[in-house]
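Student: A structural model of the following input is requested.
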Amino acid sequence: MQTTLAKSITLSGVGLHSGRPARITLKPTVAEQGIWFRRTDAVKGDPFLPARWDGVEQAPLCTLLRNADGVTLSTVEHVMAALAGCGVHNAIVEVSGPEVPILDGSAAPFVEAILKVGLRRLSAPVRAIRILKPVEVRRGDARARLEPSDGLSISFGIDFADGAIGQQEKTLNMANGTFVRELCDSRTFCRAADVDAMRAEGKALGGTYDNAVVVEGDAVLSPGGLRHRDEPVRHKMLDALGDLALAGLPILGHYSGERAGHALTNSLLIALFADRDAYEIITCDAETARRLPGTGITAADLRLVA
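Tutor: Down below sits the predicted model:
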């Protein structure tokens, strides 16, 4: 059955790129609503933005939504990953500013709050997008691909010159709480050499060593070091799940990314939905629903973070 939140959740923080304080409230809603964002500070235009692939304005450093009235909301990927990874199908997400607060740079604060309040089952079956044939997009040496699979799995590969990151690869089946246990606490990352350049462009104004992993050569400059030896590639997988959640329904397929970012994953969804033979929408039986991210997780899964 579809789910929504058992009750509302409110968190506060600053935007990673804007540096502006904002409050985010996740609210329950009805079946078949899907995920919607609402800019509570909007004074002109429609404040609602559907969490959909065709509402994305491609940007290099985050996922940004724009509606028909020009109202925007950026950095939605971490909360989208948390909702998908916890199996939340329907919610209204209210934000009091132009950017979702970065919190600790991961999805863990959202996940912890969702698991604390729990979910409410709704009287509607879960539907999913089943991938029927491979779809791939490329941009330079970056690649993103979806291909058929019984459930959702994610593979990712990255390659950075900095020794603190280097070459990393990981593959995970996203069923049975994998996102909560292995990905949700992995933080966004950047190289120290890029920080000044981003701030000169008016970006990363809210970034600190406490809400991002900052590396310089072989050194991790953030206090406490890495949460996982391969935290950077885990975070890229977290981002991919959040961006894939903008398909509007859970995906049954294998996603693989090499040097892929938010824009390329969005381009992959555009290519998928442009080919009607590449997918079908199904109503999930109990066995299929058990293979979806978030099914059957509890607060105990968060305590088992790998």
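Student: Would you point out which residue is most central in this protein?
Tutor: Relative to the mean C-alpha position of the chain, the nearest C-alpha, by C-alpha atoms, centre = their mean, is the one of residue 242, at 2.0 Å.
Student: Backbone torsions only: list them for residue 164.
Tutor: As for residue 164, its main-chain torsions (degrees, to the nearest 10) stand at phi -70, psi -20.
Student: Look up how far residue 157 lies from it.
Tutor: In this structure, residue 164 and residue 157 are separated by 17 Å, where distance is defined by C-beta to C-beta, to the nearest Å. Backbone N, C-alpha and C define where each C-beta goes, glycine included.
Student: and the residue nearest to the centre of the chain, what does it touch?
Tutor: By C-beta atoms under 8 Å, 6 or more residues apart in numbering, residue 242 lies in contact with 63, 76, 77, 78, 79, 80, 81, 82, 84, 107.
Student: Could you export the residues you listed as CSV, including distance to residue 212?
Tutor: Written out in CSV, the entries for these read as follows (distance: C-beta to C-beta, whole Å):
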residue, distance to residue 212
63, 16
76, 17
77, 14
78, 12
79, 17
80, 19
81, 16
82, 18
84, 22
107, 14
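Student: Which stretches in the stretch 1-150 of the chain count as helices?
Tutor: Assigned by DSSP state H, counting those that start in this stretch, the stretch 1-150 of the chain shows helices spanning 77-85, 108-117.
Student: out of these, nearest to residue 50?
Tutor: Relative to residue 50, the nearest member of the helices of the stretch 1-150 of the chain by C-beta to C-beta is helix 77-85, separated by 11.9 Å.
Student: gap between the closest one and the chain center?
Tutor: Here the centre of helix 77-85 is set off from its chain's centre by 4 Å, with C-alpha atoms, centre = their mean, to the nearest Å.
Student: For it, enumerate the helices and strands it packs against.
Tutor: Here helix 77-85 is seen to pack against strand 21-27, helix 108-117, helix 231-244 when contacts are counted using 3 or more C-beta pairs under 8 Å, 6 or more residues apart in numbering; DSSP states H and E.
Student: Can you name the residues in contact with it?
Tutor: Judged by C-beta under 8 Å, 6+ apart, the contacts made with helix 77-85 from elsewhere in the structure are 24, 26, 35, 51, 62-63, 91, 93, 100, 102-103, 106-107, 110-111, 114, 174, 179-180, 183-184, 238-239, 241-246, 250, 262, 293-294.
Student: what angle do that helix and helix 231-244 make?
Tutor: What separates the directions of helix 77-85 and helix 231-244 is an angle of 70 degrees, with axes from the mean of the first three to the mean of the last three C-alpha atoms, to 10 degrees.
Student: Average pLDDT for helix 77-85, rounded please.
Tutor: Along helix 77-85, the predicted confidence averages to a pLDDT of 98.
Student: Then stretch 267-285?
Tutor: If you average the pLDDT values across stretch 267-285, you get 98.
Student: Check what contacts that stretch and list those residues.
Tutor: Contacts with stretch 267-285, where a contact means C-beta under 8 Å, 6+ apart, come from 53-54, 58, 125-133, 135-137, 139, 144-146, 243-244, 246-247, 249, 252, 255, 288, 292.
Student: Could I get the buried residue list for that stretch?
Tutor: Under the neighbour-count criterion of 16 or more other C-beta atoms under 10 Å, stretch 267-285 has 267, 268, 269, 271, 272, 273, 278, 279, 284 buried.
Student: now, among those residues, which is nearest to residue 5?
Tutor: Nearest to residue 5 among the buried residues of stretch 267-285, counting by C-beta to C-beta, is residue 284 at 20.2 Å.
Student: Please report the distance of the closest one from residue 302.
Tutor: Looking at residue 284 against residue 302, where the rule is C-beta to C-beta, the gap reads 25 Å.
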